[in-house]
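**Student:** Predicted model, plus sequence, below.
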Amino acid sequence: MGDVVNLKRERKRKVRRDDDRLAEANRLRFGRPAADRKLEEAREALELKRLDGHKRSE
């Protein structure tokens, strides 16, 4: 037989895990200075532009 599982406790654990993931994403998104965010956005835009420049035209 398997172990007895308290469904209420497991539900709460799942909610906590989901909340922790959301909090981590928010820390990455909002927890940086504006200069760092703009630098990262500029790097991403440059990389996207570089990738678009390598597309084959048909």
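**Tutor:** Arrived safely.
**Student:** okay, CA-based contacts and neighbour counts for the rest of this
**Tutor:** Will do.
**Student:** residue ranges for the helices of this structure, please.
**Tutor:** Assigned by DSSP state H, the helices in the chain fall at 7-30, 34-53.
**Student:** Make CSV out of these and add mean neighbour count.
**Tutor:** Below are the helices of the chain laid out as CSV (neighbours: other Cα atoms under 10 Å):
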stretch, mean neighbour count
helix 7-30, 11
helix 34-53, 11
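**Student:** Distance to Met1 and mean pLDDT added to the ones you listed, as CSV?
**Tutor:** Below are the helices of the chain laid out as CSV (distance: least, Cα to Cα, whole Å; pLDDT from 0 to 100):
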stretch, distance to Met1, mean pLDDT
helix 7-30, 17, 95
helix 34-53, 52, 91
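**Student:** contacting residues around the residue most central in space within the chain?
**Tutor:** When Cα atoms, centre = their mean is applied to the chain, the residue found nearest the centroid is Ala25 (4.7 Å). Not one residue lies near Ala25 by Cα atoms under 8 Å, 6 or more residues apart in numbering.
**Student:** Kindly recompute the last result at 10 Å.
**Tutor:** Listed by Cα atoms under 10 Å, 6 or more residues apart in numbering, the contact partners of Ala25 are Asp19, Gly31.
**Student:** Starting from Arg13, give me the distance back to it.
**Tutor:** For Ala25, the distance to Arg13 equals 18 Å [Cα to Cα, to the nearest Å].
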